[in-house]
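K.L.:
fold the following.
(one chain, ligands or ions: 1)
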Amino acid sequence: MSKTIIAKAHTNIALVKYWGKKDPQLMLPQNGSISLTLDHFYTETSVKFEPTLTHDQVTFNGQRLTAAKAQRIITFLDLIRQKSGETNRAIVETRNHVPTSAGLASSASGFAALAAAGSRAAGLELSRSELSRLARRGSGSATRSIFGGFVEWHAGHDDASSFAEPLQDPVDWDIQMIAVVLQASKKPVSSTVGMQRVVETSPYYPAWVDTANQDLGAMRQAIANKDLTQVGTLAETNAMRMHALNLSAKPAFNYFTADTLTAINAVQNLRAHGINCYYTLDAGPNVKIICASTDTAVITTALQQYFAADQLIIAKPGPGISITEA
Ligand code: DP6
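P.N.:
Residues are numbered from 1 along each chain as shown. Below is the predicted model:
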């Protein structure tokens with residue numbers, strides 16, 4: 001008799017980014033990456049394998065998904081069935097605790113939670129590092145969401161060597177992110193499609209891999225030193241180099257909206273006035289501001305010249321995965 005297993009995973013924001021696969025089948029990245037797991041945004045997923053079902057049933061935020069919409073999840077369940085010998089179809093219920101339509105890195109928390117709940121429901125007892133490898137097969141950024149605090153995903157060279165591990169957890173110093181939640185105004189290029197295009201067409205791609213590898217060593221050091229200025233400076237430069245790849249792809253694309261540039265300018269302006277804050281962006285228009293909690297008031301006041309108070313969400317370092325039985 002299969003049990004219902006519930007897992008909760010928090011999202012993470014990369015400070016040294018993953019932006020390109022060297023093996024799309026195994027989801028091996030071109031370079032390692034480092035992230036911070038956040039407390040405010042998470043996914044809760046329950047999985048139960050059920051002998052009476054003929055198809056996997058996936059519900060997302062209370063809505064039943066069509067087989068076409070659930071395809072990526074079904075493919076991932078197939079991988080769990082293949083690893084565990086489980087033959088039944090599953091009932092999957094997943095809920096994203098992120099502000100409506102914020103588009104904040106939900107595949108990271110989503111596949112981390114699905115890997116944890118699905119593998120346990122199928123009878124597998126995986127270590128955290130094995131869970132990280134499994135989550136990787138769903139979405140690269142999910143590899144890191146198994147762990148809390150600062151996390152490094154080692155690129156590796158095969159399935160066994162490509163996994164994440166904690167760099168620092170708990171985070172006992174003052175660092176946080178303020179998410180500036182912006183409206184997407186155009187049809188997004190998915191991460192998967194965007195990163196593949198830059199690998200194939202950007203002449204700058206080799207330089208990205210070189211500099212990202214250098215950033216990893218420097219970021220590890222900055223985190224160990226609890227040095228906000230260094231963490232922020234490295235993260236900001238790394239993010240803009242990632243976005244420069246998109247501008248140099250053929251055809252070019254980008255994730256910026258006018259509001260994105262407004263938020264970036266506001267951060268630069270605050271910094272020019274002595275406030276220690278930095279920005280990073282992923283595959284969408286939202287800007288994440290890296291700062292100390294002591295500067296929350298001055299930063300949110302400045303940002304509220306352009307954005308509503310409810311577009312500014314304060315997120316602190318968050319925990320790793322938790323798994324319970326219903
Ligand atoms: C910009 O993990 O969403 O957020 O592996 O194709 O599912 P797939 O991509 P995904 O890409 C995340 C890219 C990023 C940077 C990062 O999180 O490292």
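K.L.:
near the ligand, which residues of this protein?
P.N.:
Contact residues, the chain versus the ligand (C-beta under 6 Å from any ligand atom): 14, 17-19, 27, 33, 105, 107, 139-141, 191-192, 282-283. (C-beta placed from N, C-alpha, C; glycine too.)
K.L.:
how far away is the residue in the stretch 201-326 of the chain that the ligand sits nearest to from residue 326?
P.N.:
Per C-beta to the nearest ligand atom, residue 282 is where the stretch 201-326 of the chain lies closest to the ligand, at 3.7 Å. Distance, residue 282 to residue 326, using C-beta to C-beta, to the nearest Å: 32 Å.
K.L.:
compare the two and say which is more crowded by neighbours.
P.N.:
Neighbour totals were compared for residue 282 and residue 326, and residue 282 leads with 22 against 9 (other C-beta atoms under 10 Å).
K.L.:
ok, now which ones touch the more buried one?
P.N.:
If you count contacts by C-beta atoms under 8 Å, 6 or more residues apart in numbering, residue 282 has them with 13-14, 17, 105, 191, 255, 288.
K.L.:
so where do the strands sit in the stretch 51-200 of the chain?
P.N.:
Applying DSSP state E, counting those that start in this stretch to the stretch 51-200 of the chain gives strands spanning 57-60, 63-64, 89-97, 150-153, 164-168, 176-180.
K.L.:
who are the packing partners of the fourth one?
P.N.:
Right, the one you point to is strand 150-153. Secondary-structure packing of strand 150-153 (3 or more C-beta pairs under 8 Å, 6 or more residues apart in numbering; DSSP states H and E): strand 33-50, strand 164-168, helix 205-224.
K.L.:
just to revisit the earlier point, looking at the contacts of residue 282, which are in strands?
P.N.:
Per DSSP state E, strands hold the following members of the contacts of residue 282: 13-14, 288.
K.L.:
return the member of the residues you listed nearest to residue 131.
P.N.:
Nearest to residue 131, judged by C-beta to C-beta, of the ones in strands among the contacts of residue 282 is residue 14 at 19.0 Å.
K.L.:
list the beta-bridge partners for the residue lying closest to that closest one once chain neighbours are set aside.
P.N.:
Once flanking residues are discounted, residue 14 sits nearest to residue 35: 4.5 Å by C-beta to C-beta, 6 or more residues apart in numbering. Going by DSSP bridges, residue 35 is paired in beta bridges with residue 14, residue 151.
K.L.:
what separates residue 35 from residue 325, distance-wise?
P.N.:
For residue 35, the distance to residue 325 equals 29 Å [C-beta to C-beta].
K.L.:
again, but for residue 44
P.N.:
14 Å.
K.L.:
overlap in contacts, those two.
P.N.:
Residues touching both residue 44 and residue 325 (C-beta under 8 Å, 6+ apart) are residue 6.
K.L.:
quick one: mean pLDDT for stretch 207-224?
P.N.:
For stretch 207-224, mean pLDDT rounds to 98.
K.L.:
tell me which residues of that stretch are tucked away?
P.N.:
Within stretch 207-224, the residues that qualify as buried by neighbour count (16 or more other C-beta atoms under 10 Å) are 208-209, 211-212, 215-216, 218-220, 222-223.
K.L.:
now that stretch, how far from the centre of its chain.
P.N.:
Stretch 207-224 has its C-alpha centroid displaced from the chain centroid by 18 Å (C-alpha atoms, centre = their mean, to the nearest Å).
K.L.:
mind saving the C-alpha coords of it as CSV?
P.N.:
Below are the C-alpha coordinates for stretch 207-224, written out as CSV (Å, rounded to 0.1, in the frame of the first residue of the first chain):
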residue,chain,number,x,y,z
ALA,A,207,34.5,33.4,-22.1
TRP,A,208,31.4,32.9,-19.9
VAL,A,209,32.5,29.5,-18.8
ASP,A,210,36.0,30.8,-18.0
THR,A,211,34.8,33.7,-15.9
ALA,A,212,32.0,31.7,-14.2
ASN,A,213,34.6,29.2,-13.0
GLN,A,214,36.7,32.1,-11.7
ASP,A,215,33.6,33.5,-10.0
LEU,A,216,33.0,30.2,-8.1
GLY,A,217,36.3,30.4,-6.2
ALA,A,218,35.9,34.1,-5.4
MET,A,219,32.3,33.6,-4.3
ARG,A,220,33.2,30.7,-2.0
GLN,A,221,35.7,33.0,-0.4
ALA,A,222,33.3,35.9,-0.1
ILE,A,223,30.7,33.7,1.6
ALA,A,224,33.3,32.2,4.0
